[in-house]
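Engineer: Based on what follows, work out the 3D shape:
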Amino acid sequence: LNMVNELMDVFDWLEHDAAGAEVRALVLRGAGGHFCAGGDIKDMAGARARGGDAYRELNRAFGALLEEAQAAPQVLVAVLEGAVLGGGFGLACVSDVAIAASSAKFGLPETTLGILPAQIAPFVVRRIGLTQARRLALTAARFAGSEALRLGLVHYCEHDDAALQQRLDETLEQIRQCAPQANAQTKALLLASEREALGPLLDRAAEQFAAAVTVAEGVEGTMAFVQKRK
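Structural biologist: Here you go, the predicted model:
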């Protein structure tokens, strides 16, 4: 729970930084060779002593984190090594760019513990589709980075630490070529396409496009292209 709260603080700060564009991207990476092995069983034990409401609040707090992470205006890059299980799997699903080590171990082990991937499930479905989400959640199957790539869960699968770091460096350099406000608005537009009616969405997008052309980023970007300079 402490880590969830600390990450929420980070995403709250990033949301307020969106206007200043001080931060272009956030890299989410585990320590000690592991990304995230899921929920803390000790937290669950503590919640047991406080009753059912505590369980619900503990579980929903992680869902709120996933919502915040997915909606962050900056580009969220996940570097996935070692265990990517349960909640860690959910965090991978809300990233904009996911880079996995081939040796990483992915899975949704919740049902083997007699519980549900309650907050993670909707994000998994959106990431890899209902058919594959059903198979993985209902069998608790474990799989490596190459299978995560095949499923579309991750964008890259690298076979050693040097290749993983090179891919991360290349990704961050690509992000630096993109205007931060344009990236933030584009990300919001892409996410909105999942839930909003097409006509009104395109109307709003046209207004945003017209505004973008006339602000500093759009003026500089288009003029640089015309003048053949960076």
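Engineer: use CA for all of it now, contacts and neighbours both
Structural biologist: Will do.
Engineer: I'd like to know which elements the helix or strand harbouring F209 is packed against.
Structural biologist: Under the criterion of DSSP states H and E, F209 resides in helix 198-214. Under the contact definition 3 or more C-alpha pairs under 8 Å, 6 or more residues apart in numbering; DSSP states H and E, helix 198-214 sits against helix 180-192.
Engineer: Now do the helix holding F209 against helix 180-192, angle only.
Structural biologist: Interaxial angle of helix 198-214 relative to helix 180-192 (axes from the mean of the first three to the mean of the last three C-alpha atoms, to 10 degrees): 180 degrees.
Engineer: can you dump the C-alpha coordinates of the very next helix or strand once past helix 198-214 into PDB?
Structural biologist: Helices and strands here follow DSSP H and E; after helix 198-214, the next one along the chain is helix 216-226. Presented in PDB, the C-alpha positions along helix 216-226 are these (Å, rounded to 0.1, in the frame of the first residue of the first chain):
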ATOM      1  CA  ALA A 216       4.200  27.700 -29.800                       C
ATOM      2  CA  GLU A 217       4.800  24.000 -30.400                       C
ATOM      3  CA  GLY A 218       2.800  23.900 -33.600                       C
ATOM      4  CA  VAL A 219       4.400  27.000 -35.000                       C
ATOM      5  CA  GLU A 220       7.900  25.900 -34.200                       C
ATOM      6  CA  GLY A 221       7.300  22.300 -35.500                       C
ATOM      7  CA  THR A 222       5.800  23.300 -38.800                       C
ATOM      8  CA  MET A 223       8.300  26.100 -39.500                       C
ATOM      9  CA  ALA A 224      11.200  23.800 -38.700                       C
ATOM     10  CA  PHE A 225       9.900  21.300 -41.200                       C
ATOM     11  CA  VAL A 226       9.400  24.000 -43.900                       C
END
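Engineer: could you give the angle of helix 216-226 to helix 180-192?
Structural biologist: 110 degrees.
Engineer: name the helices or strands packed onto helix 216-226?
Structural biologist: Other helices and strands packing on helix 216-226, by 3+ C-alpha pairs under 8 Å, 6+ apart, are absent; none qualifies.
Engineer: Please tell me how far it is from the chain's geometric centre.
Structural biologist: Distance, stretch centre to chain centre, for helix 216-226: 29 Å (C-alpha atoms, centre = their mean, to the nearest Å).
Engineer: What residues of that helix count as buried?
Structural biologist: Within helix 216-226, the residues that qualify as buried are 217-218, counting by 16 or more other C-alpha atoms under 10 Å.
Engineer: Tell me the secondary structure at the residue nearest the centre of the chain.
Structural biologist: Closest to where the C-alpha atoms of the chain average out (C-alpha atoms, centre = their mean) is S95, at 2.0 Å. Of the three states, S95 takes coil according to DSSP: H, G, I helix; E, B strand; the rest coil.
Engineer: And L76, by the same measure?
Structural biologist: Secondary structure assignment for L76 (three-state DSSP): strand.
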